[in-house]
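Enquirer: following is a predicted model, sequence given first.
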Amino acid sequence: MPWRRQPSRDVVRAALAGPVLDVAPRLLGARLTHAGVTVRLTEVEAYAGPDDPGSHAYRGRTPRNEVMFGPAGRLYVYFTYGMHFCANVVTGSDGDPSAVLLRAGEIVDGLDLARSRRTRGPDRDLARGPARLCQALAIGREQNGLDLAELLVLGEPAGEVDTGPRVGLRHAADRPWRFWITGEPTVSRYVAAKPRPSST
DNA sequence: GTGGGGATTTACT
DNA sequence: GTAAATCCCCACA
């Protein structure tokens, strides 16, 4: 009804529609809920449009990266290394293939469920790393394109934010487009890309 | 149709 | 520290 407070889903969509480098740090501290588990995001990476050599969208639109080219606020899920899923929040205006990779978070609800989805280990590792985060939240192929407007809660204070190079990329490894909350134990450690085996 | 590579995690030495 | 697991995507022929 018109006199009600504006639904939070519209606020979320509007917030995510901005430039990806602005949106990425603002996702820190946000809460994402799926399949009975809620995480507080502590580490993300920006993938900035069609000119970012590290982005799946760099070589244009394909069936896999289709969702990245759509409107902000949807989930882009991809499968990699034959066994892992990773999740991104699509940002920017419709047609701009920018997204934010969800690299790590702290489980704040559904702890037992998250534990049951992961191999045994310390709780701080349950969503420490993009594939672990997906596993804890039970995000997979079927969640590609999912509208996050109802699942994502923004506005939590993130604390101090650090930036640095993105993890595991061969190209554009110098761009400091990884963001994390300073001092968080759930943040994954930096790992450079494996160098290509040299034939010399 | 073929082949190289991957925004990772885990287990083992 | 290093290596294995494991399959989908995409570029090219």
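Expert: All right, it came through fine. Fair warning: this is a prediction, and the values are worked out from it, not measured in the lab.
Enquirer: where along chain A do the helices fall?
Expert: Along chain A, counting by DSSP state H, helices occupy A:8-16, A:20-27, A:111-117, A:130-137.
Enquirer: so what touches the last one?
Expert: Residues outside helix A:130-137 that contact it (Cβ atoms under 8 Å, 6 or more residues apart in numbering): A:32, A:34-35, A:37, A:39, A:77, A:80, A:84-87, A:101-105, A:107, A:114, A:117-118, A:125-127, A:139-140. Bear in mind the C-beta positions are built from the backbone N, C-alpha and C, glycine included.
Enquirer: please apply the same query to the first one.
Expert: Helix A:8-16 is contacted by residues A:23, A:26, A:71-73, A:89-91, A:148-150, A:152-154 when judged by Cβ under 8 Å, 6+ apart.
Enquirer: reformat the helices of chain A as CSV; add distance to DNA strand C and mean neighbour count.
Expert: Below are the helices of chain A laid out as CSV (distance: least, Cβ to the nearest atom of the strand, whole Å; neighbours: other Cβ atoms under 10 Å):
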stretch, distance to DNA strand C, mean neighbour count
helix A:8-16, 22, 17
helix A:20-27, 19, 20
helix A:111-117, 17, 15
helix A:130-137, 10, 24
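Enquirer: bridge partners for the residue sitting nearest the centre point of chain A, pull those for me.
Expert: Centroid-nearest residue in chain A, with Cα atoms, centre = their mean: residue A:102, separated by 2.0 Å. Beta-bridge partners of residue A:102, counted by DSSP bridges, are residue A:44.
Enquirer: please report the distance of it from residue A:95.
Expert: From residue A:102 across to residue A:95, the span is 22 Å (Cβ to Cβ, to the nearest Å).
Enquirer: what's the angle from the lowest-mean-pLDDT helix or strand in chain A to helix A:20-27?
Expert: Within chain A, no helix or strand scores below helix A:8-16, which has a mean of 93 by mean pLDDT, DSSP states H and E. Angle, helix A:8-16 to helix A:20-27, by axes from the mean of the first three to the mean of the last three Cα atoms, to 10 degrees: 130 degrees.
Enquirer: does helix A:8-16 come close to DNA strand B?
Expert: No: using Cβ under 7 Å from any atom of the strand, helix A:8-16 stays clear of DNA strand B, with a minimum separation of 15.0 Å.
Enquirer: repeat for stretch A:47-62
Expert: Yes: judged by Cβ under 7 Å from any atom of the strand, stretch A:47-62 and DNA strand B are in contact via A:47, A:54-57.
Enquirer: most surrounded residue in the residues you listed?
Expert: residue A:47 (27 neighbours; other Cβ atoms under 10 Å).
Enquirer: for that one, give me its contacts.
Expert: So residue A:47 contacts A:20, A:54-57, A:88, A:98-101, A:177 (Cβ under 8 Å, 6+ apart).
Enquirer: if you set the cut-off to 10 Å instead, what comes out?
Expert: Neighbour list for residue A:47: A:20, A:24, A:54-58, A:65, A:68, A:76, A:88, A:90-91, A:97-101, A:166, A:169, A:172, A:177 [criterion: Cβ atoms under 10 Å, 6 or more residues apart in numbering].
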